[in-house]
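K.L.:
what's the 3D shape of this:
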Amino acid sequence: MRTRTLSLAVTLAAGALALSPWLPDASAGPPLASAYAEEFKEFWVGAFRKQNGIVMLVLGLGLVSILIITRSKAKK
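P.N.:
Below you'll find the predicted structure:
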């Protein structure tokens with residue numbers, strides 16, 4: 001068992017060293033997930049700002065209704 005653990009650790013360390021040239025540098029900027037999340041947030045904030053107040057009210061009411069219906073069915 002100890003030999004397997006040691007060989008697994010050595011294999012993982014060798015794999016990390018082999019992949020290190022392809023890993024991004026810390027100075028390369030924000031990770032892709034962070035940039036995606038920021039653009040996602042900007043898109044939806046802009047979309048909600050363009051909406052009419054009545055449309056947003058109806059969407060909010062629909063969301064609350066769905067939450068109430070699913071909660072009441074889950075309790076039965």
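K.L.:
residues in contact with the lengthiest helix in the chain?
P.N.:
The helix spanning the most residues in the chain, taking DSSP state H as the definition, is helix 53-75. By CB atoms under 8 Å, 6 or more residues apart in numbering, the list of residues contacting helix 53-75 from outside reads F48. No exception for glycine: its C-beta is placed from N, CA and C like everyone else's.
K.L.:
can you name the next helix or strand after the worst-scoring helix or strand of the chain on mean pLDDT?
P.N.:
Ranked by mean pLDDT, DSSP states H and E, the weakest helix or strand in the chain is helix 2-19, scoring a mean of 71. Going down the chain from helix 2-19, the next helix or strand is helix 32-50, by DSSP states H and E.
K.L.:
got the buried residues for that following helix?
P.N.:
For helix 32-50, a neighbour-count test (16 or more other CB atoms under 10 Å) marks nothing as buried.
K.L.:
coming back round to it: quick one: average pLDDT of the longest helix of the chain?
P.N.:
Mean pLDDT, taken over the full extent of helix 53-75, equals 84.
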